[in-house]
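S.K.: Got a predicted structure here, sequence first:
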Amino acid sequence: MRTFFNVQDIGDLGKALAEAQEVKSNRFGYQHLGKNKTLLMIFFNNSLRTRLSTQKAAMNLGMNVIVLDVNAGAWKLETERGVIMDGDKSEHLLEAIPVMSSYCGIIAVRSFAGLQDRDFDYAETIVNQFVRYSGKPVVAMETATVHPLQAFADLITISEKCGELQIRRPKVVLTWAPHCRALPQAVPNSFAEWMNAADVDLVVTHPEGYELDPKFVGDAKVEYDQRKALEGADFVYAKNWSCPGVTNAADYGKILSKDMAWTIDTEHMSWTNNGYFMHCLPVRRGLIVTDDVIESDHSLVIPEAANREISAQVVLKRVLENI
Ligand code: AN0
Ligand code: CP
């Protein structure tokens, strides 16, 4: 594997899930792969899980790790070509990328959507420059439109629960929930993309206007009535996202609804098939989910986060095997 952005990059999902279990039971068995190899993790945005789990995964593999928080000590980076750099940005990404790549064997990047310009975000303008100008394998740690390490960890978590409960083809519901700030679509995009590729029955539910890009939703059923969508669900994956601008481009990145009737509480969970609650975290209690639901024994938020170490380790292992 050379780049990790989409579900196709991981290939056969059955094999990837088997490898995840193998890595989970033998985390330190592959240290020869990473010896004297360096992972550079670049963060343009905040992180708790991605930073810790990806660094831990790299260390499990025997790698050296360098972390750069661009907004905490690095020069502010210009990303557009052809501008006169007389503002607050001291360095251009086109110099910074080859410099940074000269210090490492693998680059991992977190760069959220700006939510101002749909074309700029959906063309993956920032991370594509890393792919093009670094000459190194690039792993997405949440880009403008995808968060594949999260979706892979979520799939591992669902598959483990299905194994335990002997569920063959689970009903998985991706539900929009209200939030006070405009959030990217990367998490729901990747979740839908990965669930479509997996052996699950995916239903997506959200208020009108929040339609996700068809390239991620595929043939999944879209149900605007949240109660109908949740009926019989084995897994409820809650997430807020801002307007993807699919039906109305002018609304891209806007908050169209703050309808608290969509908050996942015990009544919502009672409509499901004794379903499990999932969220990628960080989550705002009281908006996305109530305390009772997230603290219940049917909440999978902690196992999901723990599986981020496993998804990252499978991905880095495969990249290392190809260097
Ligand atoms: C980010 C998002 O919604 O994409 C990161 C989630 C992993 N969330 C926030 O900014 C709160
Ligand atoms: N789920 C996730 O990616 O969390 P962080 O933003 O804390 O990395």
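M.R.: Great, that's in hand. Ligands and ions are numbered 1, 2, ... in the order given.

S.K.: Only C-alpha atoms from now on, for both contacts and neighbour counts.
M.R.: Noted.

S.K.: which bits of the stretch 1-150 of the chain sit near ligand 2?
M.R.: By the rule Cα under 6 Å from any ligand atom, the part of the stretch 1-150 of the chain lying against ligand 2 is S47, L48, R49, T50, R51.

S.K.: A helix includes the last one, no?
M.R.: Spelled out, it's R51. Yes. R51: assigned to a helix according to DSSP: H, G, I helix; E, B strand; the rest coil.

S.K.: and G209, what does it touch?
M.R.: C243, G245, V246, T247, N248, L256 (Cα atoms under 8 Å, 6 or more residues apart in numbering).

S.K.: For the residues of the stretch 1-150 of the chain next to ligand 2, could you give me a markdown table that also reports neighbour count and distance to F277?
M.R.: Below are those laid out as a markdown table (neighbours: other Cα atoms under 10 Å; distance: Cα to Cα, whole Å):
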| residue | neighbour count | distance to F277 |
| --- | --- | --- |
| S47 | 14 | 22 |
| L48 | 9 | 21 |
| R49 | 17 | 18 |
| T50 | 21 | 20 |
| R51 | 16 | 24 |
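
S.K.: ok but L39 is inside a helix, no?
M.R.: No. Applying three-state DSSP, one finds L39 to be strand, outside a helix.

S.K.: What helix or strand is F152 located in?
M.R.: If you go by DSSP states H and E, F152 is part of helix 148-165.

S.K.: Repeat that for N307.
M.R.: Per DSSP H and E: helix 301-321 holds N307.

S.K.: What residues of that helix count as buried?
M.R.: 301, 303-305, 307-317, 319-320 (16 or more other Cα atoms under 10 Å).

S.K.: And the average pLDDT for stretch 193-212 is what?
M.R.: Mean per-residue pLDDT for stretch 193-212: 98.

S.K.: Break this protein down into its structural domains.
M.R.: 3-146+308-321, 150-305 (automatic domain parsing).

S.K.: Among the ones you listed, which comes closest to ligand 1?
M.R.: domain 150-305 (4.7 Å; Cα to the nearest ligand atom).

S.K.: ok, the closest one near ligand 1 or not?
M.R.: Yes. Using Cα under 6 Å from any ligand atom, domain 150-305 reaches ligand 1 at L183, P184, A186, V187, C280, L281, P282.

S.K.: filter those to the buried ones?
M.R.: L183, P184, A186, V187, C280.

S.K.: on that earlier part again, tell me which of the domains of the chain sits most buried.
M.R.: With neighbours defined as mean count of other Cα atoms under 10 Å, the domains of the chain peak in mean count at domain 150-305, which reaches a mean of 19.

S.K.: and the end-to-end length of it?
M.R.: 8 Å (Cα to Cα, to the nearest Å).

S.K.: for stretch 110-129, what is the average pLDDT?
M.R.: Mean predicted lDDT for stretch 110-129 stands at 97.

S.K.: Stretch 239-253 now?
M.R.: 97.

S.K.: how far does that stretch sit from the chain's center?
M.R.: 18 Å (Cα atoms, centre = their mean, to the nearest Å).

S.K.: sorry, back to before: ok, is the helix holding N307 in contact with ligand 2 or not?
M.R.: No. Helix 301-321 stays clear of ligand 2 (Cα under 6 Å from any ligand atom), getting no nearer than 6.9 Å.

S.K.: tell me which strands and helices that helix is in contact with?
M.R.: helix 13-25, helix 31-34, helix 49-60, helix 148-165, strand 276-278 (3 or more Cα pairs under 8 Å, 6 or more residues apart in numbering; DSSP states H and E).

S.K.: what residues does the first one touch?
M.R.: Helix 13-25 has contacts (Cα under 8 Å, 6+ apart) with I10, G29, I156, S159, A197, A198, I310, S311, Q313, V314.

S.K.: Alpha carbons of it, as CSV, please.
M.R.: Provided in CSV are the C-alpha atoms of helix 13-25 (Å, rounded to 0.1, in the frame of the first residue of the first chain):
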residue,chain,number,x,y,z
LEU,A,13,-11.9,-6.3,3.7
GLY,A,14,-12.2,-9.8,5.0
LYS,A,15,-8.4,-10.1,4.8
ALA,A,16,-7.9,-6.7,6.4
LEU,A,17,-10.2,-7.7,9.4
ALA,A,18,-8.3,-11.0,9.8
GLU,A,19,-5.0,-9.0,9.8
ALA,A,20,-6.5,-6.6,12.4
GLN,A,21,-7.1,-9.5,14.8
GLU,A,22,-3.7,-11.0,14.1
VAL,A,23,-2.1,-7.6,14.9
LYS,A,24,-4.3,-7.2,18.0
SER,A,25,-3.1,-10.5,19.4
